[in-house]
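Participant: Quick check, what structure comes out for this input:
(2 chains)
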2 protein chains.
Amino acid sequence: MSQATLMDGTALARRIVEETARQAADLTARTGVTPCLATVLVGEDPASVTYVRMKQNRSRKAGIASRHVSLPAETTTAELIGTLTELSADPAVHGILLQHPMGHHIDERAAFEAIAPEKDVDGVTLASFSAMSFGLPGFASCTPGGIMRLLDAYDVDPAGRRAVVVGRSAILGRPVGMLLLGRDATVTYCHSRTPAADLSSVLREADIVVAAVGRPRLIRGEDIKPGAVVVDAGYNAGNVGDVDFDSARERASLITPVPGGVGPMTIATLLSQTVEAAVRQTGA
Amino acid sequence: MSQATLMDGTALARRIVEETARQAADLTARTGVTPCLATVLVGEDPASVTYVRMKQNRSRKAGIASRHVSLPAETTTAELIGTLTELSADPAVHGILLQHPMGHHIDERAAFEAIAPEKDVDGVTLASFSAMSFGLPGFASCTPGGIMRLLDAYDVDPAGRRAVVVGRSAILGRPVGMLLLGRDATVTYCHSRTPAADLSSVLREADIVVAAVGRPRLIRGEDIKPGAVVVDAGYNAGNVGDVDFDSARERASLITPVPGGVGPMTIATLLSQTVEAAVRQTGA
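Facilitator: From the prediction side, this is the model:
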């Protein structure tokens, strides 16, 4: 059987970041303003430290300045909200990224809501979710936004197709389902409470599969409809996605590798939205 | 074949309104405050005039005061926003209902967003949609909220069941799907761009069907899974729902009649949420 074409997120992300860098340079040349992304980290979780550093490095290469705020692990929700409110009011900051997950003592929703929607380039506020749900102006959650850019780049039109989103998290499953619905797909949400037989039967009818649940190799090739488009946003230990890649690629027409599929698109979307925010805020 | 049990929205709505009236009377007795629903109508569309009058009458019977604002058909969006902003700031008003649809010259979304979320007892703001989507405190859109109350009253637990929502409007299809997802159903959204064959195949696997599309008798009994729960939120000329009642009741286990199913639940939810808003706002 023929194998699926790989959806090359690394290459597409590179093109988006190059275009973003051009826009950033253009803004700076015209106005003297350098786009600035503030990153906020609570505690010193090694993975989170690495993620934030990577985002800063990528920002710099794209001509985006970083401002990093590192808060101690014992920071309270109120203190974190104070920091985010200050950054939201600071005209030199155009985008705000609050690295998460955070410690359990933090009210994550309350913290997210302290980010001004026009600076929510990570798409974590309720305002951003509403914007995604109804096609209003605003920023996408970065992974859902990156997935839609990937589908567009490979000419996958969701209109009238059956899409299944496996997972229903606030910044991945739920919003990507809303984005697909806004593009006229017939959308099914499956999740941890979906019986295995139902998941299997829904997958077998799906033209577009978005796996966003964080369970290694949950989705097997035998459940993929021949010719389907498979997007694996899973992130599990050992660079294993939510999709069993080897069996799925035998049936899909297009499939994202892990790594090198959705991951790079998430950061590219973050950078692109940061420059977009800077352009809007400078009115340039 | 045995026929489905009717889900009696009229009777359940009556019980909810009775309980609401008790809560309103209790609030007034304790605090001297009478819950107040402001209704805003733009223009003189006869159906809208009738709806608003009915809501005012029902309010009065439940011990809720009405304040009606009638605006001329040529009212601009800015003027309407002005009115809604005043009502949002008025401490004597606890809930606001903006009758819709409105004339095409009105930016409906901008108008809705002028309603303070804590007074959005009709559940039309983006804040209310987010609250429904993530199980946060806030008000439900009245028809989705009424549907969930109806399911609860008939002991229909959506958890782990397959639900299909036919329709994706901002205040009906989309939010009721989110409410069902929050209750752990596997949810599929079908809509005008869903091919007929897909609609049929999704319906045939659905344990819970919510029809909310406004197309008379679109859903036929032959597509209803035996034993399914069928909720018809359609409103079409001649009191015809979106479901072909006679054929569907032969296969469903529970079904809402039209009229007398979802309709009365919508108003009951509006009144119940108005008193809840008054209780919250008076801190009583």
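Participant: Let's verify residue A:257: helix, strand, or coil?
Facilitator: In the three-state summary, residue A:257 is assigned as coil, counting by DSSP: H, G, I helix; E, B strand; the rest coil.
Participant: Contacts only, for the closest residue to it other than its chain neighbours.
Facilitator: If you skip the residues right next to it in sequence, residue A:257 has residue A:6 as its closest partner in space, 5.5 Å away by Cβ to Cβ, 6 or more residues apart in numbering or on different chains. Every residue, glycine included, has its C-beta placed from N, CA and C. Taking Cβ atoms under 8 Å, 6 or more residues apart in numbering or on different chains as the contact definition, residue A:6 lies against A:254-257, A:261.
Participant: among the residues you listed, who's most crowded?
Facilitator: In terms of neighbour count, residue A:256 stands highest of those at 30 neighbours, by other Cβ atoms under 10 Å in any protein chain shown.
Participant: Verify the stated contact: that residue with residue A:10.
Facilitator: No. Under the criterion of Cβ atoms under 8 Å, residue A:256 lies out of contact with residue A:10, with a separation of 10.4 Å.
Participant: thinking again about what came up before, could you report the distance from the residue nearest to residue A:257 to residue A:55?
Facilitator: Relative to residue A:55, residue A:6 is positioned 25 Å away (criterion: Cβ to Cβ, to the nearest Å).
Participant: low pLDDT regions in chain A?
Facilitator: Within chain A, the stretches falling below the threshold (pLDDT under 70) are A:1.
Participant: Just the C-alphas of the helix or strand harbouring residue A:279, formatted as CSV.
Facilitator: Secondary structure assignment for residue A:279, by DSSP states H and E: helix A:262-282. Output of helix A:262-282 as CSV, limited to C-alpha atoms (Å, rounded to 0.1, in the frame of the first residue of the first chain):
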residue,chain,number,x,y,z
VAL,A,262,2.6,20.2,14.7
GLY,A,263,5.3,21.2,17.2
PRO,A,264,7.2,23.7,15.0
MET,A,265,3.9,25.2,13.8
THR,A,266,3.0,26.1,17.4
ILE,A,267,6.0,28.3,17.9
ALA,A,268,5.8,29.8,14.4
THR,A,269,2.2,30.8,15.2
LEU,A,270,3.3,32.4,18.5
LEU,A,271,5.9,34.5,16.7
SER,A,272,3.6,35.4,13.8
GLN,A,273,0.9,36.5,16.2
THR,A,274,3.4,38.5,18.3
VAL,A,275,4.4,40.6,15.3
GLU,A,276,0.7,40.9,14.3
ALA,A,277,0.0,42.2,17.8
ALA,A,278,2.8,44.7,17.6
VAL,A,279,1.6,45.9,14.2
ARG,A,280,-1.9,46.4,15.5
GLN,A,281,-0.8,48.1,18.7
THR,A,282,1.4,50.6,17.0
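Participant: List the buried residues in that helix.
Facilitator: Neighbour counts over helix A:262-282 (16 or more other Cβ atoms under 10 Å in any protein chain shown) mark A:262-279, A:281 as buried.
Participant: which residues of chain A fall in helices?
Facilitator: Using DSSP state H, the helices of chain A run over residues A:9-31, A:46-61, A:77-89, A:108-113, A:126-134, A:142-153, A:173-182, A:196-204, A:245-248, A:262-282.
Participant: Contact residues of chain A facing chain B?
Facilitator: A:109, A:126-127, A:129-130, A:133-134, A:136, A:159-160, A:162, A:168, A:170, A:174, A:178, A:181, A:184, A:186-191, A:193-195, A:198, A:201-202, A:205 (Cβ under 8 Å from any Cβ of the partner chain).
Participant: before we move on, the earlier item: which secondary structure elements does the helix holding residue A:279 contact?
Facilitator: Applying 3 or more Cβ pairs under 8 Å, 6 or more residues apart in numbering or on different chains; DSSP states H and E, one finds that helix A:262-282 makes contact with helix A:9-31, strand A:36-42, helix A:46-61, strand A:95-98, helix A:142-153.
Participant: what's in contact with stretch A:78-86?
Facilitator: Stretch A:78-86 has contacts (Cβ under 8 Å, 6+ apart) with A:40, A:42, A:69, A:71, A:96, A:98, A:102, A:106, A:110-111, A:114-115.
Participant: go with 6 Å
Facilitator: Outside stretch A:78-86, the residues within contact range by Cβ atoms under 6 Å, 6 or more residues apart in numbering or on different chains are A:69, A:111, A:114-115.
Participant: Tell me how far it lies from the chain's centre.
Facilitator: 24 Å (Cα atoms, centre = their mean, to the nearest Å).
Participant: Kindly format the C-alpha coordinates of that stretch as PDB.
Facilitator: Once non-C-alpha atoms are left out, stretch A:78-86 reads as follows in PDB (Å, rounded to 0.1, in the frame of the first residue of the first chain):
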ATOM      1  CA  ALA A  78      -2.700  37.300  43.100                       C
ATOM      2  CA  GLU A  79       1.000  38.100  42.700                       C
ATOM      3  CA  LEU A  80       1.000  36.500  39.200                       C
ATOM      4  CA  ILE A  81      -2.100  38.400  38.200                       C
ATOM      5  CA  GLY A  82      -0.300  41.600  39.400                       C
ATOM      6  CA  THR A  83       2.600  40.800  37.100                       C
ATOM      7  CA  LEU A  84       0.400  40.000  34.100                       C
ATOM      8  CA  THR A  85      -1.700  43.100  34.700                       C
ATOM      9  CA  GLU A  86       1.400  45.300  34.600                       C
END
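Participant: for it, which positions count as buried?
Facilitator: Within stretch A:78-86, the residues that qualify as buried are A:80-81, A:83-84, counting by 16+ other Cβ under 10 Å.
Participant: now swap in stretch A:63-72 and tell me
Facilitator: Taking 16+ other Cβ under 10 Å as the neighbour-count basis, stretch A:63-72 is seen to contain the buried residues A:63-66, A:69.
Participant: Put together TSV for these, with distance to residue B:246 on each row.
Facilitator: Listed next are the buried residues of stretch A:63-72 as TSV, based on distance: Cβ to Cβ, whole Å:
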residue	distance to residue B:246
A:63	66
A:64	63
A:65	67
A:66	65
A:69	64
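Participant: Nearest to chain B among those?
Facilitator: Distance to chain B across those (Cβ to the nearest Cβ) is lowest for residue A:69, with 26.1 Å.
Participant: check contacts around that closest one.
Facilitator: With contacts defined as Cβ under 6 Å, 6+ apart, the neighbours of residue A:69 are A:40, A:83.
Participant: Determine how far the last residue of stretch A:68-85 lies from the first.
Facilitator: Between the opening and closing residues of stretch A:68-85 we find a distance of 15 Å, counting by Cα to Cα, to the nearest Å.
Participant: Off-centre distance for stretch A:21-28?
Facilitator: Per Cα atoms, centre = their mean, the displacement of stretch A:21-28 from the mean C-alpha position of its chain is 23 Å.
Participant: make that stretch A:33-52, sorry
Facilitator: Between the mean C-alpha point of stretch A:33-52 and the mean C-alpha point of its chain there is a distance of 16 Å (Cα atoms, centre = their mean).
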